Every structure is written in C-alpha cells, then in structure tokens.
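Participant: Using only what follows, build the 3D model:
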Amino acid sequence: MKIRIKEQSIRFRLTQSDVRNLHAQGKLEEHTDFLTGRFTYAIEQTEKGTLSAAFENGRITLQISREMINELKSTDRVGFSGNSGTLKLLIEKDFTCLDNTIEDQSDNYPNPLLA
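Facilitator: Next up, the predicted model:
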C-alpha cells in the first residue's frame, strides 16, 4: 500500500495483494518509523457508505465500506473518491508505470494503457 499526500488530498494506492488482504481481513496497516516516532497509515472497513478519514496519534485511517471493498476486488473498478470535510480522499488500484522505474511493480495491476 502506498500513500500520497498533497495539501488537502490523500491518495491510497493498493496492489493486487493489498486488495485481497483488505477483502479478507477488513483492514490494512503499514507504518514508517522516524527517529522521533512512528507514522501509521491504515484502511479499515466501516458500515458507512462513503469514504471518510481520521487522524489521531500519528495515524491516518481511511474508512471504506464493505461494498466498496467487494467492488474493488471483484470488478474492473479502479477506485473510489470522496471528501472528509475539506480533505479529498482517493483509494485506487496501483497500476504498473508506463515509464521505467526501479520500484518493484510485480504485484501491481496491469496498466490498461499497455494493452
């Protein structure tokens, strides 16, 4: 799982195994350790029908409904977007890049533009 943050926008990008694990467990969590603390980013299943997010104790949590998780896993749907106050939220499948990159992309979704 990758996270991109710019101003009032947070974007979560999920590999194929991320989507499978989210579907099976109802949550994902990763972290980055700094010298002074840990930054955690997570996705959790919720009963709400819209995306929402919370930030507490160095942890960003994106909440997504079971229906959305099912759709990500079982259809060609690329992702979902929403707002949490003024914060823009996006969760999407992570596709292989069109240009050369040193990043491991073996678990990314095939890029439809390469077809």
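
Participant: Sheet partners, orientation included, of the helix or strand where Tyr41 lies?
Facilitator: Using DSSP states H and E, Tyr41 sits in strand 37-46. The sheet places strand 37-46 alongside strand 27-34 (antiparallel), strand 59-65 (parallel), with pairing taken from DSSP bridges.

Participant: now the last one, how far from the centre of its chain.
Facilitator: Looking back up the chat, that one is strand 59-65. Relative to its chain's centre, strand 59-65 lies at 9 Å (CA atoms, centre = their mean, to the nearest Å).

Participant: For Ser82, the count of nearby residues, please.
Facilitator: Careful, residue 82 is Gly; it's not Ser. 19 (other CB atoms under 10 Å). Glycine gets a C-beta too; all of them are placed from N, C-alpha and C.

Participant: Would you mind measuring from it to Leu89?
Facilitator: Using CB to CB, to the nearest Å, one obtains 5 Å as the distance from Gly82 to Leu89.

Participant: which residues are common contacts for those two?
Facilitator: Common contacts of Gly82 and Leu89 (CB atoms under 8 Å, 6 or more residues apart in numbering): 51-52.

Participant: mind listing the helices for the protein?
Facilitator: Taking DSSP state H as the criterion, the chain carries its helices at 16-25, 66-74.
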